[in-house]
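Asker: got a predicted structure plus its sequence, pasted below:
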Amino acid sequence: MMTIFDSVTKTKRPFEPIKPPAVSIYVCGPTVYDDAHLGHARSSLAFDLLTRTLRALGYQVTLAKNFTDIDDKIIKKVEETGKSMQEITTYYIDRYLSEMAALGVQRADIEPKATESLDAIKNMIQTLIDKDFAYVVNNGDVYFDTSKDSHYGDISHKVTDDDTQSRVEHSSEKRNPKDFALWKACKGEEDICFDAPFSAGRPGWHIECSAMIEAHFQGNGEYSIDIHGGGADLLFPHHENEAAQSRCATGHELAKYWMHNGFVQIDGEKMSKSLGNSFFLKDALEVYDGEVLRYYLNSVHYRNDFNFNEEDLQTAKKRLDKLYRLKKRVLPGKASSVNKTFKKALLDAMGDDLNISIALSIIDEMVAQTNEKLDANPKDKALKEETLANIAFIDELLGFGGKEPFSYFQIGVDKALKEKIEALLDKRTEAKKAKDFTTSDAIRDELTAMGIAIMDTPEGTVWEKA
C-alpha cells in the first residue's frame, strides 16, 4: 500500500490508480535555454524515487517528462547567439539528459517536446475556442477565459487580482486580469512562429503540458492521468492553468493526485538567478560524484525545502561511505536473496509518501548490524551473499550502492593523480613479476604516503583513497 501527499487536498491519501496495476505520471520538465541547476536536479530525483518505489511495489509505471523547446527565453537566446532554435534546444536537452544520468535518474518513458506536439496543442486551443472557454483578440493572441471555469482556483487555492499571472500577462484586450495566453501571435517578421487557424504564432507555456498529456495518456473518463508532478513553484499559475484548460477542453479532471517537491536553497537563500546564486548542476558534478550528489539531495524529504551546503554534503558522503565499506567487506561473492524483513521495511518507508529519512535509517541499521555479525563470524558466506542482495535492492529502489567499491573510493581523486597512481601500480606489477620485492614494497609505501590504499586481488591490484 502506498500513500501520497496530495498538494490539492493537502492531505496524505491512499494511492489508488485509475487502472491498476498501470500508473501514469507526468512531470513538468525544463525549458531548454540554459544549463540545468540544482532545482532541476531536485525535481528529477524526487520523481525518480517515486517511479522506482511504485515499480518496486509492483505497479506498471509510464512516466512522461516534457521539454519546453519553444519559449520567449529560447527566442532571446537565439537573438543573442545567432544560433538556430533547434541548435540551442538540442544542445541543452543533451546536456540535461547527460547530467541527470550522472545522478542516476532513469530516463522517462515518454519525452515529448513542444515543437513536436504542435498539432495536439492547436487542436486543444481550437476546442477551447469552439466551447467558448477561450477567445481570440485583435492581434491574434488567444486567451483562456478564467471566468468561464467555475473550478478555477481549486488546484492552488490562489486566485486574487494581485496574482503573478495578472502582472506578467497584462494586456488591455484581456477580458479578465487572470486570463492567460494559450497562443501568442507573431509580433514581426523576425519572430519565430507557426501557422494556426487562429493566427501565426507560438503556443503559450501552460497549454503544451495539457495537450501532451491528452496526446499520450488516456484516463478512465474521470481523470487523464494518475499523478501530475513538478516543483512547488509550478503550483500556481502553471498547474492551476493546466488543470483549468484540460478540464474545460476534455470534460474531466487532469490528474487524480498532484505532487510537488520543495525548493532548493543555498545556505538559506532560495535559489534564484535574480539573487545571483544559481548553482548549476554541471559545476557541482565537476567537484562531486553524481551518486554522492544523489544521496545528498535525496536525504531530505522531497516536500521540504533543501538547504544546499558543502558541510552537509560531506556528512552525507561519510554516511554513504559506510554502505560501500560494507559492500567491500562482503566481496567477492554472489548475491543470494534480499532479506524479506529488510525489503518490507524499506518498501513500507518509501510507500509512506517517500519517507526517505526512515528508509536511510533502516539502511544505517542494516549496515551496523551486518558489520557486528561479520566481526563475530568473518566467514559467514550466507550473510555476505544476503548483504550483497540487500545492497542490490537499495540500488534498485533508491539508486545508490551499485558501484564497485574500490571505484567508489576513488571519488575525489583528480585525473593527474589517478594517472600517477596507475603508473606507480604498473611499475609495482612489473617489479613483482621480476621478484623485485624491495621496489614493490617501496612503491606501496610511496602510495600509502600519498593517502592511497591498495589491495592485491585475483583480478589485479585495486586502489582507493584512504
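Answerer: That came through fine. Just so you know, these numbers come straight off a predicted model, no measurement behind them. Numbering: from 1, shown residues only.
Asker: wait, a helix at D48?
Answerer: Yes: judged by DSSP: H, G, I helix; E, B strand; the rest coil, D48 forms part of a helix.
Asker: which one is it nearest to, not counting chain neighbours?
Answerer: Spatial nearest neighbour of D48, chain neighbours left out: V105 (4.6 Å); criterion: C-beta to C-beta, 6 or more residues apart in numbering. Where you see a C-beta, it was placed from the backbone N, CA and C, and this is true even at glycine.
Asker: helix, strand, or coil at that neighbour?
Answerer: Going by three-state DSSP: V105 is coil.
Asker: show me what contacts it?
Answerer: Contacts for V105 were tallied using C-beta atoms under 8 Å, 6 or more residues apart in numbering; they are 44-45, 48, 399.
Asker: could you do A134 as well?
Answerer: With contact taken as C-beta under 8 Å, 6+ apart, A134 is in contact with 125, 128, 142-145, 182.
Asker: phi and psi next, for it.
Answerer: Phi and psi for A134, reported as degrees, to the nearest 10, are phi -140, psi 160.
Asker: roughly how far does the closest residue to it other than its chain neighbours sit from A22?
Answerer: Nearest residue to A134 in three dimensions, chain neighbours excluded: L128, at 3.8 Å (C-beta to C-beta, 6+ apart). Counting by C-beta to C-beta, to the nearest Å, the gap from L128 to A22 is 28 Å.
Asker: who has more neighbours out of those two?
Answerer: Neighbour count, other C-beta atoms under 10 Å: between L128 and A22, L128 has more, with 25 against 12.
Asker: burial count for I93?
Answerer: 17.
Asker: then the one 4 residues further on?
Answerer: Counted with other C-beta under 10 Å, the neighbours of L97 add up to 16.
Asker: what of M455?
Answerer: 11.
Asker: same check, this time on R55
Answerer: Neighbours of R55 under the rule other C-beta under 10 Å: 16.
Asker: what's the answer for T62, then?
Answerer: T62: 18 neighbours (other C-beta under 10 Å).
Asker: what's the answer for the one 3 residues further on, then?
Answerer: With neighbours defined by other C-beta under 10 Å, the count for K65 comes to 23.
Asker: please tell me how far it sits from K317.
Answerer: In this view, K65 and K317 are 28 Å apart by C-beta to C-beta.
Asker: ok, L234 next?
Answerer: Distance from L234 to K317, counting by C-beta to C-beta: 31 Å.
Asker: how about I362?
Answerer: Distance, I362 to K317, using C-beta to C-beta: 19 Å.
Asker: please parse this structure into its domains.
Answerer: Residue ranges for the domains of the chain, per automatic domain parsing: 3-266, 310-403, 415-465.
Asker: measure the shortest one end to end?
Answerer: Distance across domain 415-465, first residue to last, is 13 Å (C-alpha to C-alpha, to the nearest Å).
Asker: chain center to it, what's the gap?
Answerer: 39 Å (C-alpha atoms, centre = their mean, to the nearest Å).
Asker: repeat for stretch 127-147
Answerer: Distance, centroid of stretch 127-147 to centroid of chain: 34 Å (C-alpha atoms, centre = their mean).
Asker: mind listing what's buried along that stretch?
Answerer: Burial within stretch 127-147, assessed by neighbour count using 16 or more other C-beta atoms under 10 Å, is assigned to 127-129, 133-137, 140-146.
Asker: then it to PDB, C-alphas only?
Answerer: What follows is stretch 127-147, C-alpha atoms only, in PDB (Å, rounded to 0.1, in the frame of the first residue of the first chain):
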ATOM      1  CA  THR A 127     -11.600  23.000 -28.900                       C
ATOM      2  CA  LEU A 128     -11.500  25.600 -26.100                       C
ATOM      3  CA  ILE A 129     -12.400  28.400 -28.600                       C
ATOM      4  CA  ASP A 130     -15.300  26.300 -30.000                       C
ATOM      5  CA  LYS A 131     -16.600  25.600 -26.500                       C
ATOM      6  CA  ASP A 132     -16.300  29.400 -25.700                       C
ATOM      7  CA  PHE A 133     -13.700  28.900 -23.000                       C
ATOM      8  CA  ALA A 134     -11.100  30.800 -25.000                       C
ATOM      9  CA  TYR A 135     -11.200  33.900 -27.200                       C
ATOM     10  CA  VAL A 136      -9.000  35.500 -29.900                       C
ATOM     11  CA  VAL A 137      -8.100  39.100 -29.500                       C
ATOM     12  CA  ASN A 138      -7.500  41.600 -32.400                       C
ATOM     13  CA  ASN A 139      -3.800  40.900 -32.700                       C
ATOM     14  CA  GLY A 140      -4.300  37.200 -33.000                       C
ATOM     15  CA  ASP A 141      -3.400  36.200 -29.400                       C
ATOM     16  CA  VAL A 142      -5.700  33.600 -27.800                       C
ATOM     17  CA  TYR A 143      -6.600  33.700 -24.100                       C
ATOM     18  CA  PHE A 144      -8.300  31.300 -21.800                       C
ATOM     19  CA  ASP A 145     -11.300  32.900 -20.100                       C
ATOM     20  CA  THR A 146     -10.900  32.100 -16.400                       C
ATOM     21  CA  SER A 147     -14.400  33.400 -15.600                       C
END
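Asker: hey, where'd the strands end up in the stretch 151-300 of the chain?
Answerer: 180-185, 201-203, 223-231, 253-261, 264-266, 269-270 (DSSP state E, counting those that start in this stretch).
Asker: in terms of secondary structure, what does the first one contact?
Answerer: Same thing as strand 180-185. Applying 3 or more C-beta pairs under 8 Å, 6 or more residues apart in numbering; DSSP states H and E, one finds that strand 180-185 contacts helix 118-130, strand 142-144, strand 201-203, helix 205-216.
Asker: need the ones you listed in TSV with distance to G290, can you?
Answerer: Formatted as TSV, the helices and strands packed on strand 180-185 follow (distance: least, C-beta to C-beta, whole Å):
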stretch	distance to G290
helix 118-130	34
strand 142-144	40
strand 201-203	34
helix 205-216	28
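Asker: reformat those as a markdown table; add mean pLDDT and distance to H228.
Answerer: Shown next, in a markdown table, are the helices and strands packed on strand 180-185 (pLDDT from 0 to 100; distance: least, C-beta to C-beta, whole Å):
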| stretch | mean pLDDT | distance to H228 |
| --- | --- | --- |
| helix 118-130 | 98 | 16 |
| strand 142-144 | 98 | 18 |
| strand 201-203 | 95 | 19 |
| helix 205-216 | 96 | 8 |
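Asker: what sits against K131?
Answerer: 248-249.
Asker: ok, it to A249 distance?
Answerer: 7 Å.
Asker: quick one: mean pLDDT over stretch 155-162.
Answerer: Stretch 155-162 carries an average pLDDT of 69.
Asker: and for stretch 224-239?
Answerer: Stretch 224-239 comes out at a mean pLDDT of 96.
Asker: part of a strand, is P378?
Answerer: No: looking at P378 with three-state DSSP, it is coil, so not inside a strand.
Asker: much appreciated, bye for now.
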